[in-house]
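1. sequence and predicted structure are below.
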4 protein chains.
Amino acid sequence: MSDERTTIGELKQLVEAFVDERDWHQFHTPKNLAMSLAIETAELMEHFQWIGTEESRVVADDAKLRAAISEELADVVSYALAMANELKIDVADAVRDKMRKNAAKYPADEYRGRWGSGDLPDGR
Amino acid sequence: MSDERTTIGELKQLVEAFVDERDWHQFHTPKNLAMSLAIETAELMEHFQWIGTEESRVVADDAKLRAAISEELADVVSYALAMANELKIDVADAVRDKMRKNAAKYPADEYRGRWGSGDLPDGR
Amino acid sequence: MSDERTTIGELKQLVEAFVDERDWHQFHTPKNLAMSLAIETAELMEHFQWIGTEESRVVADDAKLRAAISEELADVVSYALAMANELKIDVADAVRDKMRKNAAKYPADEYRGRWGSGDLPDGR
Amino acid sequence: MSDERTTIGELKQLVEAFVDERDWHQFHTPKNLAMSLAIETAELMEHFQWIGTEESRVVADDAKLRAAISEELADVVSYALAMANELKIDVADAVRDKMRKNAAKYPADEYRGRWGSGDLPDGR
C-alpha cells in the first residue's frame, strides 16, 4: 500500500500546492473549512442513508461503491489536511495525543465489546 | 514536524490497534463510521458557529483554541482512518487520485482567486 | 396533540421573540444558521451513532430517550424556523411545493417499498 | 402567509401521507432519519460554503437563491416532521419546552447582544 510509504507531510504538501496555485487560501478560513468537512462527510453518509448498519459492509466487496466511497473519503481527508495547513497543526501529534486520551477514557478491559455505558434502555 | 516523519500507514495502525484492543470492529460499520465523522465535524464547527469567516482565523494565534481544534481534528482524522481500515482503502492513493480530478475540474488559471462560477447574485 | 392547534406562524413568532429579546439577529445570518442546523442534527445523530437501524426504533418506547430526542428535534425545528424568519420564507408553502416535486420524482407506484434505483450491488 | 393558517399537524399529515403511499415507514427509522436530516442540512450549507457570514444575507434579496434555500429548508423540515411522526413527538410542545429551557439558560438581560461567555480570545 502507498500508505506505508507516504508521510502525512507529503499529503499536506499536495493539498497546499493545490490551494496555493489557485490562490484559495483567502477562502480557506477555519470556519469555511469546518463547514466544508461537514458537507463532505454528508456526501459520504448519502451512500449509507437507507441501508442497515451491517448491510453497509457490502461496500468493502463492491468495486464501484468502494471507488465512490474512496473519493468521498479523500475529500474529507483533504479538507482535514487543509485545515491542519492553515492552523499549522501537526496531525500525527494530534492523533497520537487524542488516542492517548481515548485510551484513558475507554480502558480496554472495561470497554471490550461495549461502546458506552448506556444510551440504550437495557443499559448497554 | 512529526507529520514529516509519520506515514499514513503508521497512523492507520495506531487506530487499528485501538479498535482491536476493544473489540470495536463490530461497531465500525461504514454506516456508523460515516455518522461518526459527521458528528465529529459538527463538534469542530461548534467552535466557529457564531463568529465571522475571517474572524475564525484567530484560532491560529490562540493556544487554547488551537489545542481544542487540534483535538477535534484528530477525531475527524481518526474516524477517516478507521473507515479506510475497514474498507481497505489506500488513503494516499485516494487523495492523489482526487487531487488529479480536482485539478482537471478546477484549472488553476481559470479558478485563480475564484471558488466557483457563481452561487452569488453577481455571478462570482 | 398541541400540533393540531398550533400554526407554523405561532412557532415562528415564539422563536422570533426569543431572538429579538436577546438582540441576536446580528448572529442569525443564513450561513451561521445553516451551520447551527448541522450542529443540532449531529447532536440528534449521537443518540443513534452505534446502534442498528432497526434497533433505533426503541426510542419510541423509552421515555427518557424519547425526551432527549424531542429536545434535540426542537433545536432543529427552532433553527429551521429562525432561518425562515430571517429570509421571510413561508415554511408551509415551501414544504407543500417540495412535496409536490418529490411526488413527481418518486411516483408512488414505482417507488412503493423501494427507496431508490440502486446504490446497492443488487440494484435495489 | 400560509404559515399563519397552517398547523404543524397539517404538515405532519402531508409528510405522513407521502411516506404511507410509498410504504417507506420501513426505511424511516430514527437512525436513518437523523442521518437524512444531517444530509439535508449539509445541502443547505453548500449555498454558504465559501461566502462571508454577513455576505450570506444576500440570499434574502435574490429570488433564485431564496428559492433554492426554501427547497432545502423544506427538506429539513419534512425530515424533522417525519421523525416526529415516527416517534409520536408533539413538535409544538417540544419547541415550547425547549424555548423555556433556553430562556432560563440564556437570560435576556445577560445575553443581550452576546452569544456566549467566550469561545474567543477576548472573552466574548
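-> Looks like it came in fine. Numbering: from 1, shown residues only, chains lettered A, B, ... in the order given.

2. measure the residue lying closest to A:Lys88 once chain neighbours are set aside to B:Trp50 for me?
-> Counting by Cβ to Cβ, 6 or more residues apart in numbering or on different chains, B:Ala60 is the residue found nearest to A:Lys88 once chain neighbours are left out, at 6.9 Å. To be clear about C-beta, it is placed using only N, CA and C from the backbone, and glycine gets the same treatment. Between B:Ala60 and B:Trp50 the computed distance is 18 Å (Cβ to Cβ, to the nearest Å).

3. so which residues of chain A form helices?
-> A:8-21, A:30-46, A:63-87, A:91-105, A:108-111 (DSSP state H).

4. ok and the residue in chain A nearest chain D?
-> Nearest residue of chain A to chain D: A:Ala42, at 3.2 Å (Cβ to the nearest Cβ).

5. check that residue and give its pLDDT.
-> Listed pLDDT for A:Ala42 reads 98.

6. give the full set of residues in contact with it.
-> B:Ala38, D:Ala38, D:Ile39, D:Thr41, D:Ala42, D:Glu43 (Cβ atoms under 8 Å, 6 or more residues apart in numbering or on different chains).

7. try 10 Å
-> With contact taken as Cβ atoms under 10 Å, 6 or more residues apart in numbering or on different chains, A:Ala42 is in contact with A:49, A:72, B:34, B:37-38, B:41, C:38, C:41, D:35, D:38-43, D:45-46.

8. how much space between the nearest residue to it once chain neighbours are set aside and D:Phe48?
-> Leaving out its chain neighbours, the residue that sits closest to A:Ala42 by Cβ to Cβ, 6+ apart is D:Ala42, at 3.2 Å. Between D:Ala42 and D:Phe48 the distance, using Cβ to Cβ, works out to 11 Å.

9. what is in contact with those two at once?
-> Shared contacts of D:Ala42 and D:Phe48, counting by Cβ under 10 Å, 6+ apart, come down to A:Met35, C:Ala34.

10. chain center to the lowest-mean-pLDDT helix or strand in chain A, what's the gap?
-> Least confident helix or strand of chain A, by mean pLDDT, DSSP states H and E, is helix A:108-111 with a mean of 94. In terms of Cα atoms, centre = their mean, to the nearest Å, the centre of helix A:108-111 is set 24 Å apart from its chain centre.

11. tell me what it is packed against?
-> Here helix A:108-111 touches helix B:8-21, going by 3 or more Cβ pairs under 10 Å, 6 or more residues apart in numbering or on different chains; DSSP states H and E.

12. near chain A, anything from the helix it packs on?
-> Yes - residues of helix B:8-21 contacting chain A under Cβ under 10 Å from any Cβ of the partner chain: B:Ile8, B:Gly9, B:Glu10, B:Leu11, B:Lys12, B:Gln13, B:Leu14, B:Val15, B:Ala17, B:Phe18, B:Asp20, B:Glu21.

13. quick check: angle from that helix to helix A:91-105?
-> With axes from the mean of the first three to the mean of the last three Cα atoms, to 10 degrees applied, the angle from helix B:8-21 to helix A:91-105 works out at 10 degrees.

14. CA atoms of helix B:8-21 as PDB?
-> Listed next in PDB are the C-alpha coordinates belonging to helix B:8-21 (Å, rounded to 0.1, in the frame of the first residue of the first chain):
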ATOM      1  CA  ILE B   8      -0.400   7.400   6.900                       C
ATOM      2  CA  GLY B   9       0.100   3.700   7.500                       C
ATOM      3  CA  GLU B  10       1.500   4.300  10.900                       C
ATOM      4  CA  LEU B  11      -1.500   6.300  12.000                       C
ATOM      5  CA  LYS B  12      -3.800   3.700  10.500                       C
ATOM      6  CA  GLN B  13      -2.100   1.100  12.500                       C
ATOM      7  CA  LEU B  14      -2.500   3.200  15.700                       C
ATOM      8  CA  VAL B  15      -6.200   3.500  15.100                       C
ATOM      9  CA  GLU B  16      -6.500  -0.200  14.200                       C
ATOM     10  CA  ALA B  17      -4.700  -1.300  17.400                       C
ATOM     11  CA  PHE B  18      -7.100   0.900  19.500                       C
ATOM     12  CA  VAL B  19     -10.100  -0.600  17.800                       C
ATOM     13  CA  ASP B  20      -8.800  -4.200  18.000                       C
ATOM     14  CA  GLU B  21      -8.000  -4.000  21.700                       C
END
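
15. would you mind measuring from the residue nearest to A:Lys88 to A:Pro30?
-> For B:Ala60, the distance to A:Pro30 - Cβ to Cβ - is 8 Å.

16. these two - which one has more neighbours?
-> Using other Cβ atoms under 10 Å in any protein chain shown, the more surrounded residue of B:Ala60 and A:Pro30 is A:Pro30, with 26 against 14.

17. give the contact list for that one.
-> A:Pro30 makes contacts with A:83, A:86-87, B:44-45, B:47-48, B:51, B:53, B:55-60, B:65-66, B:69, B:73, as judged by Cβ under 10 Å, 6+ apart.

18. grab the nearest non-local neighbour of A:Glu46.
-> Nearest one to A:Glu46, counting by Cβ to Cβ, 6+ apart, is D:Ile39 at 5.7 Å.

19. surely the one you found touches D:Tyr79?
-> Yes - at 8.7 Å, D:Ile39 counts as touching D:Tyr79 under the criterion of Cβ atoms under 10 Å.

20. what's the overlap in contacts for the two?
-> With Cβ under 10 Å, 6+ apart, D:Ile39 and D:Tyr79 have common neighbours C:Thr41.

21. surely A:Arg22 and A:Ala82 touch.
-> No - using Cβ under 10 Å, A:Arg22 is not in contact with A:Ala82; the gap is 11.9 Å.

22. count the residues that sit near the closest residue to A:Thr7 other than its chain neighbours.
-> Using Cβ to Cβ, 6+ apart and skipping residues adjacent in sequence, the residue nearest A:Thr7 is B:Thr7, 5.5 Å away. B:Thr7 is flanked by 20 other residues according to other Cβ under 10 Å.
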